[in-house]
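Undergrad: pasting the sequence and the predicted model now:
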Number of protein chains: 2
Amino acid sequence: MKLYDDPVAPTPRRVRMFLAEKGLDIPKVTVTIGKGEHKSPDYRAKVASGRIPALELDDGTVICESVAICRYLEGIQPEPNLMGRDPKEAAVIEMWQRRIEWELLLPMASVFRHSHPKMAALEDQCPEFAGKQKPVAEKRLRQLDRDLGERPFIAGDRFTIADITAFTTVEFFCRYGGVPLPEDHANTRRWLEEIRARPSAKA
Amino acid sequence: MKLYDDPVAPTPRRVRMFLAEKGLDIPKVTVTIGKGEHKSPDYRAKVASGRIPALELDDGTVICESVAICRYLEGIQPEPNLMGRDPKEAAVIEMWQRRIEWELLLPMASVFRHSHPKMAALEDQCPEFAGKQKPVAEKRLRQLDRDLGERPFIAGDRFTIADITAFTTVEFFCRYGGVPLPEDHANTRRWLEEIRARPSAKA
């Protein structure tokens, strides 16, 4: 088993944090998106979609999509549990995980992709769209702060994959993506500090 | 248990098809998005996010996000299996399910949301973005047709949740969303006919 990984992009970090929380250490192969290495013939021969991260199993099966990779890892290494212990908890965690992806990650990534100069080579940019998505992202950040005032973690009272998704999103896009975290988001800042203190945050 | 449902929108149809495949019949409450009923105080008191579909459990827990609802239903009614029988199969199905969502559903929904007159009341439309996303959706539809020339179903050799996601996406957005299915997509048309013949397609 090996992981194709980029150390800068936010999505591979989700898988690295998940691996670290599980106590799993697997070989990693760096494929640098910034150098276009994900478009090389060698990589495309392994991973037809060119996506990163990708997990290659010992039988040659390649799994892309960070949450699908995490689903596999949760299956082969159930503890500590990060995706739910019964149907109800699994559904609640998946709901929050998806709400973070579609309501927060998507508008924040849209602002970044459609306005950041470094993304011009990878995306047919639409600055008007970036302008319209920025207030959407800011509104959802305020909702995140309200939610984290009501419960310690994204999906309830314990750390789950939903925290990894939200943490890697806020850390990357509030820092580099043109939607900074407002100073007065005290609940989000409390939660960020707690996640940053976990060893997996260094992964 | 009851499902808050809209009979027109494509996303609730995913859950209705999933229920039908499982042979589950649960009470449904119609909440018509076109009439703004998802914004009513009564609905918001039950479902704070106002999202549809939503599954209310007997203990009052509300699950939003169609795939999270399906995850719960798969947990309480494992057969017929639609989300994978072991870690590897579950990961492969989740990979395809997510690729359909992010690579096909997202650009097709973006064209629809940012160009269809009926969406003007729900979205700060950006026609420039719709124009840029249309070729992205068309390119991904061609990839879908190639993929369905190589295997009978989206995730491999059997029907799964990934087919439900792709089918409801193509049926709705190719018909109403401004990105029609090209006549020469023979593999996609073969697959569409097969899915349309399943009793669950009428759900």
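TA: Arrived safely, thanks for sending. Numbering: from 1, shown residues only, chains lettered A, B, ... in the order given.
Undergrad: from now on I want contacts and neighbour counts done on CA atoms only, so please keep to that.
TA: OK.
Undergrad: would you mark the buried spots in the longest helix seen in chain A?
TA: Taking DSSP state H as the criterion, chain A has its longest helix at helix A:127-150. Neighbour-count burial for helix A:127-150, counted by 16 or more other Cα atoms under 10 Å in any protein chain shown, picks out A:127, A:129-130, A:132-134, A:136-138, A:140-142, A:144-145, A:147-149.
Undergrad: contacts for that helix next, please.
TA: A:103-104, A:107-108, A:110-115, A:154, A:179, A:181, A:185-188, A:191, B:124, B:126, B:128-129 (Cα atoms under 8 Å, 6 or more residues apart in numbering or on different chains).
Undergrad: got the domain ranges for chain A?
TA: Per automatic domain parsing, the domain ranges recorded for chain A read A:2-76, A:87-202.
Undergrad: pLDDT weak spots in chain A?
TA: Applying pLDDT under 70 to chain A flags no residue at all.
Undergrad: near chain B, which residues of it show up?
TA: A:63-65, A:67-69, A:71-76, A:86-88, A:90-92, A:94-95, A:98-99, A:124, A:126, A:128-129, A:132 (Cα under 8 Å from any Cα of the partner chain).
Undergrad: and if we set it to 6 Å?
TA: A:64, A:65, A:68, A:71, A:72, A:75, A:87, A:88, A:91, A:94, A:95 (Cα under 6 Å from any Cα of the partner chain).
Undergrad: flag every buried residue along the strand or helix carrying the third one.
TA: It stands for residue A:68. Using DSSP states H and E, residue A:68 sits in helix A:66-76. Neighbour-count burial for helix A:66-76 flags A:66, A:67, A:68, A:69, A:70, A:71, A:72, A:73, A:74, A:75 (criterion: 16+ other Cα under 10 Å).
Undergrad: all helices of chain A, in order?
TA: Under DSSP H, chain A gives helices at A:10-22, A:41-46, A:66-76, A:87-99, A:106-115, A:127-150, A:161-176, A:186-196.
Undergrad: ok now the first one, how far from the chain's centre?
TA: When distances are taken as Cα atoms, centre = their mean, to the nearest Å, helix A:10-22 is centred 8 Å away from the chain's centroid.
Undergrad: identify the residues contacting it?
TA: Residues outside helix A:10-22 that contact it (Cα atoms under 6 Å, 6 or more residues apart in numbering or on different chains): A:5, A:53, A:66, A:164, A:168, A:200, A:203.
Undergrad: now flag whichever of the residues you listed is closest to residue B:40.
TA: residue A:164 (33.1 Å; Cα to Cα).
Undergrad: what sits against that closest one?
TA: Shown in contact with residue A:164 (Cα under 6 Å, 6+ apart): residue A:14.
Undergrad: so how far is chain B from it?
TA: 18 Å (Cα to the nearest Cα, to the nearest Å).
Undergrad: check residue A:26 too.
TA: Relative to chain B, residue A:26 is positioned 17 Å away (Cα to the nearest Cα).
Undergrad: what do you get for residue A:201?
TA: According to Cα to the nearest Cα, residue A:201 stands 24 Å off from chain B.
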